[in-house]
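**Q** Generate coordinates for the sequence data below:
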Amino acid sequence: MLPHWKNLSVIRKVVQLACFIFLVYGSVIIGFYAADKLSRALPTLACAYDAKTADYCVLIPLQHQMDHRVGPAIKAGQVTLAILIPVLTTLGTFLILFVLLNKAFCGWVCPLGTFQEFLGLIGQKLGLKRRDSLDPKLVKRIRPVKWLILALLVFIFPLMTGMGFTGHELGDPFCKICPSRIMTNLFNGNMDELRIDTSTPGYMVWSILADTLFGLILVIGLTTRQPFCRICPLLAMHAIFRKVGLVRLVKNYTSRCDKCGLCAKACPMDIHEIQTSKEKDILFPDCTLCGRCVEFCPDKGVMAMKYAIIPIKVSDPQYFKHRNKAQKVWEKANLRQWFINRKKKKDHV
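**A** Numbers count the residues shown, from 1 in each chain. Predicted coordinates:
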């Protein structure tokens, strides 16, 4: 059996849990004022609506800057460097942080990503019938959604609000539907973000959409891997800058690569191109750098996750053998199977 300290997925779960605790309850640990000054451009869904958070997601300041600074400046015809500096500072901070971990912010740090993975674990342990992968045609139809959300809800609608074309309910539209806003507050015992806001028709619509989206994630997440990650606008932002990050995912293509398909099957984001790609750089736009494709590649040295030029994990047949065995044991252990085995023992007696 593979020792836990050598199992990349176990290591990742420990890191995810630590990041979840820090980002959701961080100000309790380091103090509110210190947390407020750390950064307001973390490349992950750390929610400012969470009073105990240790950081802010970059999408929050971007929406506010579009609404309160850039939009009014465009309307007045006075777009100056002073107006753009806060936006550039936010993007610059985001980029610096992103360079350090690249898209691993999604697969290792994001609290909402962690929450979805633990939903999947709960579903698996309950013995629910899971969808290991989505149909490739469905995946292709879903992929553009994250770009539309990024463009419309993070930039265009807030800009239009700042220019006076739309009401205040469109000033930060993504935050109004972001499931991380509801999730992190629920973990703090705050139910306020789950309510329906009836102050105006616009706010009511957004709050209903938010509650519906969060409910869908709860239900779908039990049987389908990473449902919201597939349409997350931060994944789109990450995709834009992924070439500059230090964490890389590389492949040394061989004639065996497009035959077994284990890497594509292991990918929680259903990036089937991993299997067929002949390019060395396989850090695709939807990748979250979870490393599962490297873990489940049975060929020595074919796939690797690297930090700059330093290997983090390289595919290895011995590791694959033990990892695959551990995965099967893990998947077999669930409540449904436990009840079946228990019934068999009773019938046998």
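
**Q** Tell me which residues of the longest helix along the chain come out buried.
**A** Criterion DSSP state H: the longest helix present in the chain is helix 8-30. By neighbour count with 16 or more other CB atoms under 10 Å, helix 8-30 contains the buried residues 8-9, 12-13, 16, 19-28. For every residue, glycine as well, the C-beta is placed using N, CA and C.

**Q** shaky segments in the stretch 151-300 of the chain?
**A** The model of the stretch 151-300 of the chain has no residue with pLDDT under 70.

**Q** now the strands for it?
**A** 247-251 (DSSP state E, counting those that start in this stretch).

**Q** All the helices of it, residue numbers only.
**A** Here the stretch 151-300 of the chain has its helices, by DSSP state H, counting those that start in this stretch, at 157-162, 173-177, 179-187, 201-220, 233-241, 257-260, 262-266, 273-276, 292-295.

**Q** closest to Lys332 out of those helices?
**A** helix 262-266 (17.3 Å; CB to CB).

**Q** got the contact list for the closest one?
**A** If you take CB atoms under 8 Å, 6 or more residues apart in numbering as the criterion, helix 262-266 is touched by 132-133, 270-272, 274-275, 292-298, 303.

**Q** Can you dump the C-alpha atoms of that helix in PDB for me?
**A** Provided in PDB are the C-alpha atoms of helix 262-266 (Å, rounded to 0.1, in the frame of the first residue of the first chain):
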ATOM      1  CA  LEU A 262      -6.200   6.800 -17.900                       C
ATOM      2  CA  CYS A 263      -5.000  10.400 -17.700                       C
ATOM      3  CA  ALA A 264      -8.200  11.800 -19.300                       C
ATOM      4  CA  LYS A 265     -10.300   9.500 -17.100                       C
ATOM      5  CA  ALA A 266      -8.600  10.700 -13.900                       C
END
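
**Q** Kindly confirm my reading that Pro61 is in a helix.
**A** Yes - inclusion of Pro61 in a helix is indicated when DSSP: H, G, I helix; E, B strand; the rest coil is applied.

**Q** count of neighbours near Ile177?
**A** By other CB atoms under 10 Å, 19 other residues sit near Ile177.

**Q** Ignore what I typed, I meant Lys278.
**A** Lys278: 10 neighbours (other CB under 10 Å).

**Q** Could you list the domains of this structure?
**A** Following automatic domain parsing, one gets these domains for the chain: 7-237, 246-331.

**Q** So which of those domains is nearest Phe339?
**A** Closest to Phe339 of the domains of the chain, according to CB to CB: domain 7-237, at 8.1 Å.

**Q** distance between the ends of the closest one?
**A** End-to-end distance for domain 7-237, by CA to CA, to the nearest Å: 30 Å.

**Q** gap between that domain and the chain center?
**A** Averaging C-alpha positions (CA atoms, centre = their mean, to the nearest Å) puts domain 7-237 9 Å from its chain's average.

**Q** just to revisit the earlier point, nearest to Trp338, out of the domains of the chain?
**A** domain 7-237 (8.3 Å).

**Q** Which pLDDT value goes with His348?
**A** pLDDT for His348: 67.

**Q** Ok, Trp5 next?
**A** For Trp5, the model assigns a pLDDT of 66.

**Q** heads up, I number from 52, so please use that
**A** Understood, numbering begins at 52; the last thing we discussed is Trp56.

**Q** Got phi/psi on Cys318?
**A** phi -70, psi 120 (degrees, to the nearest 10).

**Q** For it, grab the count of nearby residues.
**A** 24.

**Q** my read: it touches Glu346, true?
**A** No - at 10.8 Å, Cys318 does not count as touching Glu346 under the criterion of CB atoms under 8 Å.

**Q** Pick the most deeply packed of the helices of the stretch 202-351 of the chain.
**A** Comparing the helices of the stretch 202-351 of the chain by mean neighbour count (mean count of other CB atoms under 10 Å), helix 343-346 ranks first with a mean of 25.

**Q** what about the stretch 52-201 of the chain, any weak spots by pLDDT?
**A** In the stretch 52-201 of the chain (pLDDT under 70), the answer is 52-56.

**Q** can you map out the helices along it?
**A** With DSSP H, counting those that start in this stretch applied, the stretch 52-201 of the chain shows helices at 59-81, 83-89, 110-116, 122-127, 132-152, 155, 162-176, 187-200, listed in chain order.
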